[in-house]
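S.K.: Output the structure for:
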Amino acid sequence: MATRHDPQHHEREVLDTALKALGELTGIDGKVVATEARTSLRAKSDAVVDLKVAGQTHRYLVECKRSMDRASALALVRTQLAPHLDSGLLVAPYLSPQLAEHSRQLDLQFIDTAGNAYLKADGLYVFVSGRKPLTLPTQTSTRSAGNATAWRMAFALLCEPALVQAPYREIAETAGIALGSVGAVFQDLAARGLLVESARGRRLAAPAQMLDEWVAGYPSILRPKLHPRRFQATNPNWWQDASLADPTQLSAQWGGEVAAARMTGYLKPATQTLYIDPPAMRDTLRHLVTKYRLQPSADGSIELLETFWRPPPSQTARESLVPPILVYADLIATMDSRNLETANLIREKIIARVLDPL
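M.R.: The predicted model follows:
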């Protein structure tokens, strides 16, 4: 049973308050008809609500978030609701005017506790933005590890869930962080209900939620620290037959749209993202500039970033793609509807196989 301080109680409180605010502002009557409804073999919605207006009832599958402060988080929710976009509804404590407009551009319906809303259905159109947030009882949060170090370690754990049982030194080496940081990150994960420690060891308690938080935070917390640089090539198709410098050392790997296209066969890449080992950056860049005539360009379609992980032992030198979770995050960060569809496919078909058994 949900208690006052657990995540389920807080989410239900947000949902009830948002429905009440919507009713007071627009006259739309909202009612929760189910909680934790399964929408597919792997996916579940947090609730099902009916919105009644002008004699019509519109049923929505709810994705409830305890906070919403980044555009990338909106894109993530949009991806999660993609199979049910017409009937999907984001519910959050508050969306700023900028995020409300982002949501409308993404065609992502939402309501918040301040009465802001975007709803679009047959006989229904509502767009309210700019109302100030209400004060809600909030959960005590210990997000002290919301930094690049924590994101590096979380990435390693999500890519190799069995790593959570490894000694601290192995975790630190795999994640590329200081040994002394491992314990602090574990404490933060446990405090947020994402990690369980018992006599039998450690395990990830909510890997899907952990993935969502990692993907939403990646563009602002970790990505800027990877020294991104942009270029343009004279031949827009240069990447199709590109040979990466010293492939036997895994010094460069495709991310973003190119990796997604090769994983799924579903996307025609308009941009090219390469992650390169920092020690090999100079030589790899020289190779690419010389062979493919790359030119620096602030808005170029080619982006080079530094790798921030150690390839797992199972990865062979012939694999030139970054881990699927990073491809997924790259696609979400673009907020391009074309990429969001492919991102959802990668999550459902590839990432879920790794995280579902946990």
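S.K.: Which helix or strand contains residue 32?
M.R.: strand 29-35 (DSSP states H and E).
S.K.: Quickly run through the sheet partners of that strand, with directions.
M.R.: Strand pairing for strand 29-35, using DSSP bridges, gives strand 47-53 (antiparallel).
S.K.: what separates the strand it pairs with from the chain centre, distance-wise?
M.R.: In terms of C-alpha atoms, centre = their mean, to the nearest Å, the centre of strand 47-53 is set 27 Å apart from its chain centre.
S.K.: Check which helices and strands the lengthiest helix in the chain sits against.
M.R.: Criterion DSSP state H: the longest helix present in the chain is helix 7-26. Helices and strands touching helix 7-26, by 3 or more C-beta pairs under 8 Å, 6 or more residues apart in numbering; DSSP states H and E, are strand 29-35, strand 47-53, strand 56-64, strand 88-92, strand 110-112, strand 117-121, strand 124-128. To be clear about C-beta, it is placed using only N, CA and C from the backbone, and glycine gets the same treatment.
S.K.: Identify whichever of these lies nearest to residue 321.
M.R.: Nearest to residue 321 among those is strand 56-64; the distance by C-beta to C-beta comes to 28.9 Å.
S.K.: coming back round to it: which of the helices and strands packed on helix 7-26 is buried the deepest?
M.R.: Of all the helices and strands packed on helix 7-26, strand 110-112 has the most neighbours on average by mean count of other C-beta atoms under 10 Å, namely a mean of 29.
S.K.: Residue 73 sits in which helix or strand?
M.R.: According to DSSP H and E, residue 73 maps onto helix 71-80.
S.K.: tell me which residues of stretch 98-105 are tucked away?
M.R.: Within stretch 98-105, the residues scored as buried using 16 or more other C-beta atoms under 10 Å are 99-100, 102-103.
S.K.: what about that stretch, distance to the chain center?
M.R.: Counting by C-alpha atoms, centre = their mean, stretch 98-105 is centred 17 Å from the centre of its parent chain.
S.K.: Likewise for stretch 273-290?
M.R.: Chain-centre distance of stretch 273-290: 27 Å, with C-alpha atoms, centre = their mean.
S.K.: quick one: average pLDDT of it?
M.R.: Mean pLDDT, stretch 273-290: 92.
S.K.: That stretch spans what distance, first to last residue?
M.R.: For stretch 273-290, the first-to-last residue distance is 18 Å (C-alpha to C-alpha, to the nearest Å).
S.K.: And for stretch 232-242?
M.R.: Stretch 232-242 stretches 14 Å from its first residue to its last (C-alpha to C-alpha).
S.K.: Would you mark the buried spots in that stretch?
M.R.: Neighbour-count burial for stretch 232-242, counted by 16+ other C-beta under 10 Å, picks out 233, 238-239, 242.
S.K.: With respect to residue 165, which of the helices and strands packed on helix 7-26 lies nearest?
M.R.: Closest to residue 165 of those is strand 56-64 (C-beta to C-beta; 31.1 Å).
S.K.: Show me what the closest one is packed up against.
M.R.: Secondary-structure packing of strand 56-64 (3+ C-beta pairs under 8 Å, 6+ apart): helix 7-26, strand 47-53, strand 88-92.
S.K.: Point out where the stretch 251-358 of the chain drops to low pLDDT.
M.R.: For the stretch 251-358 of the chain, the stretches with pLDDT under 70 are 311-319, 357-358.
S.K.: So which residues of it form helices?
M.R.: Here the stretch 251-358 of the chain has its helices, by DSSP state H, counting those that start in this stretch, at 256-264, 281-292, 324-334, 337-346, 352-355.
S.K.: Now tell me which of the helices and strands packed on strand 56-64 the model trusts least on average.
M.R.: helix 7-26 (a mean of 88).
S.K.: so how far is that helix from its chain's centroid?
M.R.: Centre-to-centre, helix 7-26 and its host chain are 24 Å apart (C-alpha atoms, centre = their mean).
S.K.: buried stuff in that helix?
M.R.: The neighbour-count check on helix 7-26 (16+ other C-beta under 10 Å) flags 10-15, 17-19, 21-23, 25-26 as buried.
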